[in-house]
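*Asks:* Structure for this input, please:
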Amino acid sequence: MNEAKIAEIETWLDMQGLSGASETELMNGFCQRCLDAGIRLERANAFVDTLHPIYEGRVFLWRREGQVERAIIEYGSSQEGESASNWQTSTFYSMLNAGDDEMRVQLGREKDLGFPHLLTLKGEGCTDYLALINRFSSEGTIGEMDCFYSSWSTDDPQGFRAEDLVAIRRMVRGLGLAIKCASLTRIVQTLADVYLGHDAAKRVLAGRINRGAAERIEAVLWYSDLRGYTRISDTASPDAIIPMLNDYAEAVISSIHETGGDVLKLMGDGILAIFTNGNSAQDCAAALEAEYLLRKRLVTLNQVRHADGAPATDVYLGLHIGEVFYGNIGSDTRLDFTVVGPAVNEVSRIASMCRSVDQDILISDSFAEALPSELRDQLVSVGRYALRGVGRAQELFTLDRARSGRL
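*Replies:* Numbers count the residues shown, from 1 in each chain. Presented below is the predicted three-dimensional model:
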């Protein structure tokens, strides 16, 4: 490969990285350009660790003949299970332990390949293999993302030519930088979604980051907490509390997300969420659907926890609708994107009334009024109450589950 071709591919990588191309677009485009320039690649893969609550990283696969079965593989922890076994028998694991940045294995000449995946490559006709690790500096490391890993195989009977190896080593640096940029963008989006909620994350990433930047919106408000949490936390062993909170938070959050809501805050056992996707009637109906899904999940969850001898409980829920300010509140150096206003205070007070009236859900009169008529008929009044810290008394409702035909 001549200098002009190398420079052309490097320029393409620069432009794709700046334009925000995805990792698969970068990988596919790079490999095809190498082929067109005379490097007979048969297959390649690249991977980089990430910062994600479930996945440790992502692998990007390419094969010359047609599409691979899965162009992207998201892998779990390399410390346990199948992922750990695959990692510890890989060339990259060996290279890291030895402090090496490169490994070349001429598959057609070596008798003892030493790595299971190299035996597979040889059996499928590959003749030469090159693995590269491009390391990031400590300032460029985020979480476990400290290296760009790539491997390149050919089925040329003579293996890689010397000029092919020189070109790949040089150009992979640009590919690694472009893929790192794409992965960092994905990390920012993931972290914003996980810690802020999808809608708030979208607004923050769109530039709504100034203190005091808030808008007045009408929102359906959800506030839930766990029944008897204080008692359970006082009596259960400390190492049982976090798993319990996680189990019940998973049930609540999954139900909210499944029906289009956004979780804004997790406060111990309390969860604040909003529904703002449609008109008021649609959002109220979505919140009730989330409540139905939650009760189904709780039946299954509590059966499992009882069988395991773990503490089990229920969820108290308050539903309300009202006008709130939605945006950034805090100091110049620490902001929270959330909702504030009297309606937020009211929904937490409504939820806290569940204990007093022995109901697992309480609904405000304004929420009941906004519901479609067929859903409003499933409500029953539990009386009129003065809520602590709220100026006006209001009628509260609960679900008549027999009338609704649901749990």
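*Asks:* What count of nearby residues applies to the nearest residue to residue 170 once chain neighbours are set aside?
*Replies:* Residue nearest to residue 170 in three dimensions, not counting chain neighbours: residue 6, with 6.4 Å by C-beta to C-beta, 6 or more residues apart in numbering. For the C-beta atoms, the positions are set from N, CA and C on the backbone; glycine is no exception. When counting by other C-beta atoms under 10 Å, one arrives at 19 neighbours for residue 6.
*Asks:* Residue 388 too?
*Replies:* Neighbours around residue 388, by other C-beta under 10 Å: 10.
*Asks:* Skipping adjacent residues, who's closest to it in space?
*Replies:* Nearest residue to residue 388, sequence neighbours excluded (C-beta to C-beta, 6+ apart): residue 349, at 5.8 Å.
*Asks:* Residue 306 too?
*Replies:* Closest to residue 306 by C-beta to C-beta, 6+ apart is residue 312, at 5.5 Å.
*Asks:* The one you found belongs to a helix, doesn't it?
*Replies:* No: per DSSP: H, G, I helix; E, B strand; the rest coil, residue 312 lies outside any helix segment and is coil.
*Asks:* Tell me how far it lies from residue 99.
*Replies:* According to C-beta to C-beta, to the nearest Å, residue 312 stands 51 Å off from residue 99.
*Asks:* picking that back up, starting from residue 197, give me the distance back to the residue nearest to residue 388.
*Replies:* 23 Å.
*Asks:* So between these two, which is more surrounded?
*Replies:* residue 197 (24 against 20).
*Asks:* what's the pLDDT at the closest residue in space to that one that isn't next to it in sequence?
*Replies:* Among residues not flanking residue 197 along the chain, residue 262 sits closest, at 4.2 Å (C-beta to C-beta, 6+ apart). Each residue has a pLDDT score; the one for residue 262 is 95.
*Asks:* likewise residue 40?
*Replies:* 95.
*Asks:* cool, the one 4 residues further on as well?
*Replies:* At residue 44, the model reports a pLDDT of 95.
*Asks:* where does it fall, helix, sheet strand or coil?
*Replies:* strand.
*Asks:* Surely it is in contact with residue 35?
*Replies:* No: counting by C-beta atoms under 8 Å, residue 44 does not reach residue 35; the two are 10.4 Å apart.
*Asks:* which one of these two has more residues nearby?
*Replies:* Neighbours per residue (other C-beta under 10 Å) separate residue 44 from residue 35, with residue 44 holding more: 24 against 13.
*Asks:* which parts of the helix or strand hosting residue 319 are buried?
*Replies:* Using DSSP states H and E, residue 319 maps to strand 315-330. Buried residues in strand 315-330, counted by 16 or more other C-beta atoms under 10 Å: 315-322, 324-328.
*Asks:* which of those residues lies closest to residue 282?
*Replies:* Set against residue 282, the nearest of those by C-beta to C-beta is residue 321 (11.7 Å).
*Asks:* The closest one and residue 285: what is the separation?
*Replies:* Relative to residue 285, residue 321 is positioned 12 Å away (C-beta to C-beta).
*Asks:* Tell me which stretches of the stretch 1-150 of the chain form helices.
*Replies:* 3-19, 23-36, 81-88, 91-98, 116-123 (DSSP state H, counting those that start in this stretch).
*Asks:* To residue 62, which of the ones you listed lies closest?
*Replies:* helix 23-36 (4.6 Å).
*Asks:* Does anything pack onto that closest one? Which helices or strands?
*Replies:* In terms of contacts (3 or more C-beta pairs under 8 Å, 6 or more residues apart in numbering; DSSP states H and E), helix 23-36 is packed against helix 3-19, strand 41-49, strand 57-63, helix 162-196.
*Asks:* Need the winner for burial among those.
*Replies:* Comparing the helices and strands packed on helix 23-36 by mean neighbour count (mean count of other C-beta atoms under 10 Å), strand 41-49 comes out on top with a mean of 22.
*Asks:* Parallel or antiparallel, which strands does that strand pair with?
*Replies:* Under the criterion DSSP bridges, strand 41-49 sits next to strand 57-63 (antiparallel), strand 147-154 (antiparallel) in its sheet.
*Asks:* Please tabulate those strands in JSON lines, including the columns mean pLDDT.
*Replies:* Shown next, in JSON lines, are these (pLDDT from 0 to 100):
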{"stretch": "strand 57-63", "mean pLDDT": "91"}
{"stretch": "strand 147-154", "mean pLDDT": "96"}
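*Asks:* for the helix or strand that contains residue 304, what is the average pLDDT?
*Replies:* Per DSSP H and E, residue 304 falls inside helix 280-307. Rounded to a whole number, the mean pLDDT of helix 280-307 is 96.
*Asks:* picking up where we left off before, can you tell me which of the helices and strands packed on helix 23-36 is nearest to residue 203?
*Replies:* Nearest to residue 203, of all the helices and strands packed on helix 23-36, is helix 162-196, at 8.7 Å by C-beta to C-beta.
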